[in-house]
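1. The sequence isn't on hand, but the structure is:
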């Protein structure tokens, strides 16, 4: 720190972006400013923040970064106190001689951290200023809004990824009932519940692990899983049967209808602020579905930090169609087959 600089009126200057945003005194001074901005509210909309403020005329690059910061909690239209911490600190930082200097003068010009901070520095600021118990980016979708009178391929080809995933859940619905909700579970929903149950059963003293864990799962959920076996470790080496569905190393076949599904199931963990959902758990991701009658659905996943697909390829009646989706900022665990650990 350097004396005789009017930083928040205390005569100090902080330098270096990582060290400053870790500093308790600096964060305390930031929070005083933020408290006056929020004025007792939990959030402020971006439009309200920009009214008659230094954030009113941001460059395109700075505006893109503010939108990114606003989306940390899954809602890009508002800023909460933690997101304001990140925004204000970057706007305070001024790049001088390849070093960021913080003097308490919020000025988001072209030399500010809002434009000049690189991705590594941005992630450091977020890590230092956003508390770990931020929103998990989990929400519940009102599926009653989806038109169920449409045929399957039309629903799958919806521009709304939630509607497409809901159509797939309905297509793969089983006769098994969720004891907690009283609703029928889809096959992928059962698979992720079983995966999570098995993982939590490792430390139990079973005489025959594979048979006994199935019996315990049935006693707890009412869902019968049989013929469970695995090659060494959890994952694509597993085999088991659920109703008419036979699971073999990530490939699933319905022994009555001929339907085939390819899935990926694994653990899910938070790696950075963009992870959706921002919670640890297990998932069963649908990769491909074939109804055995000429219709195939293949989901694309080009965002490693998001459970939701980025697009889908559909072949039906000899016609091929591709639909790309906007990035999801929150997910419904029931639609995307996620169980939080």
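-> Thanks, I have it. Bear in mind the structure is a predicted one, so any value in this text is a computation, not a measurement.
2. partners of residue 323 in the sheet?
-> Per DSSP bridges, the residues bridged to residue 323 are residue 312.
3. what residues are up against it?
-> Residue 323 sits next to 157-159, 164, 311-312, 314 when contact means C-beta atoms under 8 Å, 6 or more residues apart in numbering. Any C-beta I mention is one placed from the backbone N, CA and C, and that applies to glycine too.
4. Same check on residue 37?
-> Neighbours of residue 37 in contact, by C-beta under 8 Å, 6+ apart: 44, 49, 84.
5. Throw together a PyMOL command that grabs the buried residues out of the contacts of residue 323.
-> In PyMOL syntax, the buried subset of these is picked out as below (16 or more other C-beta atoms under 10 Å):
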select buried, resi 157+158+164+312+314
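6. Out of the contacts of residue 323, flag the one nearest to residue 335.
-> Of all those, residue 164 has the smallest distance to residue 335: 9.4 Å, by C-beta to C-beta.
7. didn't that closest one look like it was pressed against residue 156?
-> Yes. Residue 164 is within contact range of residue 156, at 5.2 Å (criterion: C-beta atoms under 8 Å).
8. Identify the contacts common to the two.
-> In contact with both residue 164 and residue 156: residue 312, using C-beta under 8 Å, 6+ apart.
9. quick one on the thing from earlier: which of the contacts of residue 37 tops the neighbour count?
-> Among those, the one with the most neighbours (other C-beta atoms under 10 Å) is residue 84, at 23 neighbours.
10. Could you give the number of residues near the nearest residue to that one once chain neighbours are set aside?
-> For residue 84, ignoring the flanking residues on the chain, the nearest one in space by C-beta to C-beta, 6 or more residues apart in numbering is residue 34 at 4.6 Å. Counted with other C-beta under 10 Å, residues neighbouring residue 34 total 20.
11. Now do residue 34 against residue 87, distance only.
-> As judged by C-beta to C-beta, to the nearest Å, residue 34 and residue 87 stand 9 Å apart.
12. What of residue 248?
-> Residue 248 is 50 Å from residue 87, where distance means C-beta to C-beta.
13. just checking, residue 168 is part of a strand?
-> No. The assignment for residue 168, made by DSSP: H, G, I helix; E, B strand; the rest coil, is helix rather than a strand.
14. so who does it touch?
-> Applying C-beta under 8 Å, 6+ apart to residue 168 gives the contacts 156, 186, 286, 289, 297.
15. Show me what the last one is bridged to.
-> Looking back up the chat, that one is residue 297. In this entry, residue 297 is beta-bridged to residue 289, residue 314, by DSSP bridges.
16. count of residues packed around it?
-> Residue 297 has 24 neighbours, counted by other C-beta under 10 Å.
17. More neighbours: residue 248 and residue 87, which one.
-> Taking other C-beta under 10 Å, residue 248 and residue 87 do not tie; residue 87 has more neighbours (26 against 13).
18. So for the residue positioned nearest the centre of the chain, what's the pLDDT?
-> Residue closest to the mean C-alpha point of the chain, counted by C-alpha atoms, centre = their mean, is residue 276 at 0.9 Å. Listed pLDDT for residue 276 reads 92.
19. Hmm, residue 332 and it touching each other?
-> No. Residue 276 lies out of contact with residue 332 (C-beta under 8 Å); the separation is 11.3 Å.
20. before we move on, back to that, return the member of the contacts of residue 168 nearest to residue 326.
-> Checking these against residue 326 by C-beta to C-beta gives residue 156 as the nearest, at 16.8 Å.
21. What is the neighbour count of that closest one?
-> Residue 156 has 24 neighbours, counted by other C-beta under 10 Å.
22. do you know how far it is from residue 322?
-> 12 Å.
23. ok, now residue 149?
-> In this structure, residue 149 and residue 322 are 24 Å apart, going by C-beta to C-beta.
24. between the two, who's got more neighbours?
-> Ranked by neighbour count (other C-beta under 10 Å), residue 149 and residue 322 place residue 322 first, with 11 against 7.
25. For that one, which residues are in contact?
-> By C-beta under 8 Å, 6+ apart, the residues touching residue 322 are 311-314.
26. Reformat these into CSV and put distance to residue 30 and pLDDT next to each item.
-> Output for these, formatted as CSV (distance: C-beta to C-beta, whole Å; pLDDT from 0 to 100):
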residue, distance to residue 30, pLDDT
311, 40, 97
312, 43, 98
313, 47, 98
314, 49, 97
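27. Closest one of those to residue 198?
-> residue 312 (29.5 Å).
28. Can you check the pLDDT for the residue nearest to residue 307 when sequence neighbours are not counted?
-> Nearest non-adjacent residue to residue 307, counting by C-beta to C-beta, 6+ apart: residue 336, 4.6 Å away. At residue 336, the model reports a pLDDT of 98.
29. surely residue 336 meets residue 164?
-> No. Contact criterion C-beta under 8 Å: residue 336 and residue 164 do not qualify, at 11.2 Å.
30. ok now the host helix or strand of the residue nearest to residue 84, how far from the chain's centre?
-> Secondary structure from DSSP states H and E places residue 34 in helix 24-38. Relative to the mean C-alpha coordinate of its chain, helix 24-38 is positioned 28 Å out (C-alpha atoms, centre = their mean, to the nearest Å).
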